[in-house]
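**Student:** below: sequence and its predicted model.
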Amino acid sequence: MDSLGGDDAEKTDCDDARLILELYNLRREPEMRKARQWWLTTFWPNDADDFLKVAMAFGSEENNWLRQVGSYWGCDVFSRECVVSEKLFFEPAFCGELYFMFAKVRPFLKELREKAKNPDLFLLSEKAILGSKLGRAHFAKIEPRVAMMRQQRQKGAA
């Protein structure tokens, strides 16, 4: 049975597990930990302009962190597309952070792509999450929590 209660047609193997562990270990690098912590706790863009303000602040620590985490998950999604078990990849224990990050930008993603003049911004993440039954199911649990957290932050700031 898979995590959604269906038959698990996809079998994972030791190579899948090794790659997931290798990808996980990349996240343990000290600067990457800072970047991930910033994305998780501090960076709460309310709209495309909030996001672009950081994205255009080249040379700032926040800009570096924005790009570092974004490119890490882009590489992970690419790895998943090529070689990693979907079941292992989409497990929230591994990629819950990807869901969280994508949920933060999804409400204004169309506007962000237009203003950045980049129709491919977050496209790998979007296709991976929304193009997978497992990804969609897990994301459906996380997206409302992120929206609730955003509202709480906005109320606290008012």
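**Tutor:** Great, that's in hand.
**Student:** next, the buried residues of stretch 50-67.
**Tutor:** 51, 54, 55, 62, 64, 65, 66 (16 or more other Cβ atoms under 10 Å). For glycine as for every other residue, the C-beta is placed from the backbone atoms N, C-alpha and C.
**Student:** in strands only, show me those.
**Tutor:** Counting by DSSP state E, no part of the buried residues of stretch 50-67 is found in strands.
**Student:** farthest pair within those residues?
**Tutor:** Across these, the longest distance by Cβ to Cβ is 15.0 Å; it joins 51 and 64.
**Student:** what segments of this structure are helices?
**Tutor:** For the chain, helices defined by DSSP state H occupy the ranges 14-26, 30-37, 48-55, 61-82, 86-89, 92-105, 109-116, 123-130, 133-157.
**Student:** those into JSON lines, with extra columns for mean pLDDT?
**Tutor:** JSON lines is the format used below for the helices of the chain (pLDDT from 0 to 100):
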{"stretch": "helix 14-26", "mean pLDDT": "73"}
{"stretch": "helix 30-37", "mean pLDDT": "91"}
{"stretch": "helix 48-55", "mean pLDDT": "98"}
{"stretch": "helix 61-82", "mean pLDDT": "79"}
{"stretch": "helix 86-89", "mean pLDDT": "80"}
{"stretch": "helix 92-105", "mean pLDDT": "91"}
{"stretch": "helix 109-116", "mean pLDDT": "98"}
{"stretch": "helix 123-130", "mean pLDDT": "90"}
{"stretch": "helix 133-157", "mean pLDDT": "93"}
